[in-house]
Structure formats: structure tokens, C-alpha cells
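Asker: Predicted model and sequence below, questions to follow.
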Amino acid sequence: MVTASALLAEEITRRFRNGRGVGPVSLRVERGEVVSLIGPNGSGKTTL
């Protein structure tokens, strides 16, 4: 049986005018998993 991921994001990139950005980021979350993003201030957690 093949099940779909609850969340699947592949090679997401976000760039800004100053050239800085986030990515590429890939993420897969399966049903029932708990995931958190941790990192220092300014590392792109909210942007992602």
C-alpha cells in the first residue's frame, strides 16, 4: 500500500533583493510525525 505524505516540499528556494535567501530545502512529513524547525535568529525559519 502506498500512502501519501502529509506534507511534501521539494527544492524550495526563496531569494531576496540583497541576494540572500533560503534553500534549496526539501522536506517530507509523514502522517503522525511531529517536526520543528530550529536555528538562530535570521536563519530563515519563518520564511520557510
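Answerer: It's in.

Asker: drop to CA atoms for contacts and neighbour counts, all remaining ones
Answerer: Will do.

Asker: For stretch 16-34, which outside residues touch it?
Answerer: Outside of stretch 16-34, the residues within contact range by CA atoms under 8 Å, 6 or more residues apart in numbering are 4-15, 35, 43-44, 47-48.

Asker: A9 is in what secondary structure piece?
Answerer: Per DSSP states H and E: A9 is located in strand 7-15.

Asker: and the helix or strand following that strand with strand 7-15, angle?
Answerer: Downstream of strand 7-15, the next assigned helix or strand under DSSP H and E is strand 21-29. On the basis of axes from the mean of the first three to the mean of the last three CA atoms, to 10 degrees, strand 21-29 is oriented at 180 degrees to strand 7-15.

Asker: Strand partners (parallel or antiparallel) of strand 21-29?
Answerer: According to DSSP bridges, strand 21-29 forms sheet pairs with strand 7-15 (antiparallel).

Asker: what's in contact with the partner strand?
Answerer: G21, V22, G23, P24, V25, S26, L27, R28, V29, E30, T47.

Asker: I'd like to know how many residues surround the third one.
Answerer: Read that as G23. 13 (other CA atoms under 10 Å).

Asker: same deal with the fifth one?
Answerer: By the criterion of other CA under 10 Å, V25 has 12 neighbours.
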